[in-house]
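Chemist: Below is the sequence, then the predicted model.
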Amino acid sequence: MSQKLHQLLKELRERRGMSQQEIAEKLNMSRPSYISVEQGKRELSLSEAQVISNIFGISLKDMEMGTIPDIDKYKEMIISFLRSFSSKSDGKVPKTKLAKLLYLADFSYYYKNAKSMSGMQYRKLQYGPVPDLYFRALDELEEEGKIERDSKKSDVILISENNGSKKVPLEKLEKKEIELIGKIAKKWEDKKTREIVNFTHNQLPYKVCSPDEIIPYELIIQEDPEYVY
């Protein structure tokens with residue numbers, strides 16, 4: 001496990017509002033042993049790393065890289081995009097198109113601010129860049145009753161906000177982040193999924209990476225401004 005991860009474990013724990021004792025119990029170790037982990041004096045075993053991965057909602061790959069994606073903020077980004085499309089027809093967005101919109105939001109935000117919105121690590125897959133936690137985020141939102149999936153009409157899975165539930169507050173997103181999401185949604189609202197897939201495939205970050213490789217955010221800086229989103 002990387003030294004960087006040991007330095008970030010405290011931040012991960014505090015972000016979830018958990019005590020050292022709570023984490024220690026989940027790892028079946030004593031509190032002093034867990035404190036040693038946070039201090040970098042004790043390594044995590046693979047099975048312990050998997051427990052940490054499940055607790056904090058990060059992949060083992062992200063842990064290896066020492067990154068902290070904010071899955072709760074990422075879920076708010078999903079809701080924000082769905083709301084941006086709510087005035088269009090039935091407000092349903094194809095799952096693949098939604099994944100690309102989220103990628104454009106994270107990378108275009110990085111382009112101007114040298115940091116992403118969510119901290120997600122996007123992997124080069126056949127149908128475009130997607131973080132490992134995308135499908136987990138959708139599953140959790142559906143289990144929480146915040147989104148709905150519809151695949152009855154075709155083989156395309158459509159995602160929409162569950163308007164029958166209490167409106168989800170967007171507490172983690174800043175005003176400028178919501179505004180950027182709105183601009184991206186407006187540009188792509190009338191475009192087909194294939195068009196946005198082709199767009200992301202032809203961007204420099206996707207083109208220069210190998211299949212299944214994590215796409216470095218820094219590559220978007222080399223892209224022409226009109227091709228950022």
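Modeler: Yep, it's here.
Chemist: Domains in this structure, by residue range?
Modeler: 3-65, 71-227 (automatic domain parsing).
Chemist: looking at the ones you listed, which has the lowest confidence?
Modeler: For the domains of the chain, mean pLDDT drops lowest on domain 3-65, to a mean of 82.
Chemist: and that one, how far out from the chain's middle?
Modeler: Remark: domain 3-65 is offset 20 Å from the chain centroid, using CA atoms, centre = their mean, to the nearest Å.
Chemist: again, but for stretch 205-217
Modeler: With CA atoms, centre = their mean, you get 16 Å for stretch 205-217.
Chemist: who's in contact with the closest residue to residue 91 other than its chain neighbours?
Modeler: Counting by CB to CB, 6 or more residues apart in numbering, residue 91 lies nearest to residue 160, which is 4.9 Å off, once chain neighbours are set aside. Bear in mind the C-beta positions are built from the backbone N, C-alpha and C, glycine included. Residues in contact with residue 160 (CB atoms under 8 Å, 6 or more residues apart in numbering) are 82, 86, 90-93, 147-148, 150.
Chemist: and of those, the nearest to residue 43?
Modeler: Distance to residue 43 across these (CB to CB) is lowest for residue 147, with 38.4 Å.
Chemist: Just the element for the spatially closest residue to residue 147 that is not a sequence neighbour, please.
Modeler: Distance criterion CB to CB, 6+ apart; nearest residue to residue 147, sequence neighbours excluded, is residue 141 at 4.4 Å. Assigned by DSSP states H and E, residue 141 belongs to helix 134-143.
Chemist: just residue 148 next, same as before
Modeler: strand 147-150.
Chemist: What's the first helix or strand after that strand?
Modeler: strand 158-161.
Chemist: Does the residue nearest to residue 147 touch residue 148 like I think?
Modeler: No - the criterion here is CB atoms under 8 Å, and residue 141 misses it with residue 148 at 9.5 Å.
Chemist: out of those two, which sits in the busier spot?
Modeler: residue 141 (22 against 18; other CB atoms under 10 Å).
Chemist: which ones are touching residue 27?
Modeler: Contacts of residue 27 (CB under 8 Å, 6+ apart): 34, 48, 51-52.
Chemist: and the gap between it and residue 8?
Modeler: Residue 27 sits 16 Å away from residue 8, going by CB to CB, to the nearest Å.
Chemist: Give me the neighbour count for the residue nearest to residue 185 when sequence neighbours are not counted.
Modeler: Distances taken as CB to CB, 6+ apart place residue 84 nearest to residue 185, at 3.5 Å, with adjacent residues excluded. Applying the criterion other CB under 10 Å, we find 21 residues in the vicinity of residue 84.
Chemist: before we move on, the earlier item: just flag the most distant two among the contacts of residue 27.
Modeler: Greatest spatial distance among these (CB to CB): 34 and 51, at 11.3 Å.
Chemist: Looking at these two now, which is surrounded by more residues?
Modeler: Remark: of residue 34 and residue 51, residue 34 carries more neighbours, 24 against 15, as counted by other CB under 10 Å.
Chemist: what's the burial count for residue 80?
Modeler: With other CB under 10 Å as criterion, residue 80 counts 23.
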